[in-house]
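Visitor: A structural model of the following input is requested.
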Amino acid sequence: RSGDALVDSLVFAGRFGAIDSVWRAGRPVVSGGRHRHREAIAERYRRVLKDLLS
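Guide: Now for the predicted structure:
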């Protein structure tokens, strides 16, 4: 594998917690394996899913 396929394999086939931190534009996005806006993202997901299924 090479390129994007290699990165995909590392990200999605790894064990839980394989990626601890992600920084973008000098700011932490993921810390301790958790997205900094995890709660808000999960809430929006639940709300949209509920709307789609109703």
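Visitor: contacts for stretch 41-54, please.
Guide: H35 (Cβ atoms under 8 Å, 6 or more residues apart in numbering). Every residue, glycine included, has its C-beta placed from N, CA and C.
Visitor: what's the answer for stretch 26-39, then?
Guide: Here stretch 26-39 makes contact (Cβ under 8 Å, 6+ apart) with 16-17, 19-23, 41.
Visitor: quick one: mean pLDDT over the helix or strand containing V48.
Guide: When elements are assigned from DSSP states H and E, V48 belongs to helix 38-53. The predicted model gives helix 38-53 an average pLDDT of 97.
Visitor: chain center to that helix: distance?
Guide: Centroid separation for helix 38-53 versus its chain: 15 Å, with Cα atoms, centre = their mean, to the nearest Å.
Visitor: restricting to C-alpha, output that helix in PDB.
Guide: C-alpha atoms of helix 38-53 as PDB (Å, rounded to 0.1, in the frame of the first residue of the first chain):
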ATOM      1  CA  ARG A  38     -16.600  15.700  20.700                       C
ATOM      2  CA  GLU A  39     -19.800  16.400  22.800                       C
ATOM      3  CA  ALA A  40     -21.100  19.100  20.400                       C
ATOM      4  CA  ILE A  41     -20.400  16.900  17.400                       C
ATOM      5  CA  ALA A  42     -22.200  13.900  19.000                       C
ATOM      6  CA  GLU A  43     -25.200  16.000  19.900                       C
ATOM      7  CA  ARG A  44     -25.500  17.400  16.400                       C
ATOM      8  CA  TYR A  45     -25.200  13.800  15.000                       C
ATOM      9  CA  ARG A  46     -28.000  12.600  17.300                       C
ATOM     10  CA  ARG A  47     -30.200  15.500  16.400                       C
ATOM     11  CA  VAL A  48     -29.800  15.000  12.600                       C
ATOM     12  CA  LEU A  49     -30.200  11.300  12.900                       C
ATOM     13  CA  LYS A  50     -33.400  11.800  14.800                       C
ATOM     14  CA  ASP A  51     -34.700  14.200  12.200                       C
ATOM     15  CA  LEU A  52     -33.800  11.800   9.400                       C
ATOM     16  CA  LEU A  53     -35.600   8.900  11.000                       C
END
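Visitor: good, wrapping up.
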